[in-house]
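S.K.: Structural data only, the sequence is not supplied:
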């Protein structure tokens, strides 16, 4: 995922008409120069740095991405289409990498708090082009549960590495 991210973020940034950043290295530098604004001291940017440092054979990465695309088509997409589903809903964020690799939209909304007061979310994910429906579902869930509360801390004392 890190190797694909480095490649994909570059493609995405190239498509932007007006952007001060054009590469992952530019993003990292921007975050370092604007650490207070981007909260890099609190949250870090380990994933970005790991992706930037990825060294790999482009042909090998392309094969891996092609394999993952096939898995998505035969897995997630097939499940959604055969069962005529509008969304896949999962607790937490464990499915986000699968959605990201496939380029599928997803939205995470507050769902509750664990025994330590740490928030957790509910992920609503769907096929490409379903963003309006996902936003509608996520909004409905938020309104029905009213689970979101303002955080009890300014700076998190915990950090999750993905």
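M.R.: The structure has been received and is ready for your questions. Note that this is a predicted model, so its numbers are computed, not measured.
S.K.: low-scoring stretches of this protein, by residue?
M.R.: Within the chain, the stretches with pLDDT under 70 are 1, 3, 56, 151-162.
S.K.: which residues in it form strands?
M.R.: Assigned by DSSP state E, the strands in the chain fall at 88-91, 106-113, 119-125.
S.K.: Once you drop chain neighbours, what's closest to residue 45?
M.R.: residue 31 (5.4 Å; Cβ to Cβ, 6 or more residues apart in numbering). For every residue, glycine as well, the C-beta is placed using N, CA and C.
S.K.: scratch that, residue 28 is what I was asking about
M.R.: In space, residue 28 is closest to residue 48, 5.3 Å off (Cβ to Cβ, 6+ apart).
S.K.: these two touch, right, the one you found and residue 24?
M.R.: Yes - using Cβ atoms under 8 Å, residue 48 is in contact with residue 24, at 6.3 Å.
S.K.: Let me see the domain layout of this structure.
M.R.: With automatic domain parsing as the criterion, the domains of the chain are listed as 1-55, 68-162.
S.K.: In JSON lines: those domains, plus distance to residue 61 and mean neighbour count.
M.R.: Conversion of those to JSON lines gives the following (distance: least, Cβ to Cβ, whole Å; neighbours: other Cβ atoms under 10 Å):
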{"stretch": "domain 1-55", "distance to residue 61": "5", "mean neighbour count": "14"}
{"stretch": "domain 68-162", "distance to residue 61": "11", "mean neighbour count": "14"}
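S.K.: quick one: which of these is nearest residue 62?
M.R.: domain 1-55 (9.0 Å; Cβ to Cβ).
S.K.: chain center to the closest one: distance?
M.R.: 14 Å (Cα atoms, centre = their mean, to the nearest Å).
S.K.: Equivalent analysis for stretch 95-102, please.
M.R.: 7 Å.
S.K.: Who are the contact partners of the residue nearest to residue 45?
M.R.: The contact partners of residue 31, taken as Cβ atoms under 8 Å, 6 or more residues apart in numbering, are 38, 40, 45, 48.
S.K.: now it: how far from residue 14?
M.R.: 19 Å (Cβ to Cβ, to the nearest Å).
S.K.: likewise residue 51?
M.R.: Residue 51 is 17 Å from residue 14, by Cβ to Cβ.
S.K.: quick one: contacts for residue 41?
M.R.: Contacts of residue 41 (Cβ under 8 Å, 6+ apart): residue 35.
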